[in-house]
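In: give me a 3D structure for the following:
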Amino acid sequence: MKIISIFNQKGGVGKTTSNINLCSYLALEGYKVLAIDIDPQGNTTSGLGFDKHKIEKSTYDVLTSDTELKDVIIQSQLLENLYLAPSIMELAGAEVELTVSNSRETILKKKLRSIDGEYDFVFIDCPPSLGILTINALTASDSVLIPIQSEFYALEGVGQLINTIQLVKKSLNKDLEVEGVFLTMFDGRTNLSNDVKNEVKKYFNNKVYNTTIPRNVRLAEAPSFGLPIVLYDQRCKGAEAYEDLTKEFVKRQGVN
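Out: Numbers count the residues shown, from 1 in each chain. All right, here's what the predicted structure looks like:
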């Protein structure tokens with residue numbers, strides 16, 4: 001079971017969209033996949049068709065009480081092999097509640113032990129911040145998958161992002177690695193997108209995926225219908241890109 005955080009402390013870079021669609025395409029490929037939503041906004045939860053107002057137990061309960069992770073996991077009705085540990089808005093309060101908790105950085109890691117080996121891949125959708133929720137995710141993960149928006153200001157945050165990963169690696173999770181980096185909202189017709197891609201490649205070398213995710217209206221629309229892009233419009237450019245990204249991800253795992 002491989003645990004991967006999708007992380008970038010900058011908001012609006014496509015973390016949740018990537019989480020939803022990578023998990024969905026992997027499930028379609030026959031892998032058993034768990035998406036863990038630890039973003040208080042709960043966009044992965046709603047984006048996979050779940051009503052946040054009807055969630056009885058969530059990752060909030062997992063992080064702040066004796067509730068086990070397996071007790072909050074729900075199976076997707078959209079795709080076979082796809083499961084979710086949902087988030088609710090109350091999770092925002094966990095940041096405060098956990099400040100007085102012992103070993104607060106390792107709660108999620110400990111809770112994940114109860115499902116060890118039950119899934120092929122676990123993807124954690126992190127909030128766009130460097131708080132205790134993100135630290136829990138990075139401490140529990142084997143690796144980090146980093147979406148980077150194809151804009152100038154995206155490059156400014158890369159150093160901080162890597163510093164955070166290195167800090168967690170040094171003090172909490174020595175085995176944490178960068179799984180890969182991919183560009184989102186990419187437009188190959190513009191000099192800016194291509195310049196950002198070249199700079200990112202200089203920084204991350206072979207960690208950068210060949211597949212890029214374009215700006216795509218259908219990708220933006222799909223979450224409002226509670227659907228991954230493969231069920232909303234599988235022929236649009238955004239769907240094709242995430243299908244290619246998933247294939248590249250699987251190939252890099254060295255599994256069949």
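
In: chain center to stretch 82-99, what's the gap?
Out: Relative to its chain's centre, stretch 82-99 lies at 15 Å (CA atoms, centre = their mean, to the nearest Å).

In: next: stretch 184-198.
Out: The answer for stretch 184-198 is 22 Å, by CA atoms, centre = their mean.

In: try stretch 158-167
Out: The answer for stretch 158-167 is 17 Å, by CA atoms, centre = their mean.

In: only the buried residues of it, if you could.
Out: For stretch 158-167, the neighbour count (16 or more other CB atoms under 10 Å) marks V158, L161, T164, I165 as buried. The C-beta positions use only the backbone N, C-alpha and C, and glycine is treated the same way.

In: among these, which one has the lowest pLDDT?
Out: Least confident of the buried residues of stretch 158-167 in the model: V158, at 82.

In: against D244, how distant is it?
Out: 23 Å (CB to CB, to the nearest Å).

In: then S193?
Out: The value you get for S193 to D244, if CB to CB is used, is 17 Å.

In: same deal with E179?
Out: In terms of CB to CB, E179 sits 17 Å off from D244.

In: same check on T64?
Out: Counting by CB to CB, the gap from T64 to D244 is 39 Å.

In: same check, this time on F225
Out: 23 Å.

In: and G226, its phi and psi?
Out: Backbone geometry at G226, expressed as degrees, to the nearest 10, gives phi 70, psi 40.

In: and E179 and D244? Which one has more around it.
Out: Neighbour totals were compared for E179 and D244, and E179 leads with 20 against 16 (other CB atoms under 10 Å).

In: count of neighbours near the nearest residue to that one once chain neighbours are set aside?
Out: Distances taken as CB to CB, 6 or more residues apart in numbering place S143 nearest to E179, at 3.6 Å, with adjacent residues excluded. S143 has 17 neighbours, counted by other CB under 10 Å.

In: you'd agree S143 is up against F121?
Out: No - counting by CB atoms under 8 Å, S143 sits too far from F121 to count as a contact (10.8 Å).

In: identify the contacts common to those two.
Out: Common neighbours of S143 and F121 (criterion: CB atoms under 8 Å, 6 or more residues apart in numbering): K2, I4.

In: and the helix or strand bottoming out on mean pLDDT in the chain, what does it pack against?
Out: For the chain, counting by mean pLDDT, DSSP states H and E, helix 152-156 ranks last in confidence among helices and strands (a mean of 78). Under the contact criterion of 3 or more CB pairs under 8 Å, 6 or more residues apart in numbering; DSSP states H and E, helix 152-156 touches helix 191-204.

In: report the residue spans of this protein with pLDDT below the cut-off.
Out: Residues of the chain that meet the criterion pLDDT under 70 lie in 255-256.

In: all strands for the protein, in order.
Out: 2-6, 33-37, 74-75, 82-85, 121-125, 143-149, 177-184 (DSSP state E).

In: tell me which strands and helices the fourth one is in contact with?
Out: By that I understand strand 82-85. Judged by 3+ CB pairs under 8 Å, 6+ apart, strand 82-85 is in contact with helix 15-28, strand 33-37, strand 74-75.

In: deepest in the core, which of those is it.
Out: Mean neighbours per residue, mean count of other CB atoms under 10 Å, is largest over those for strand 33-37, with a mean of 28.
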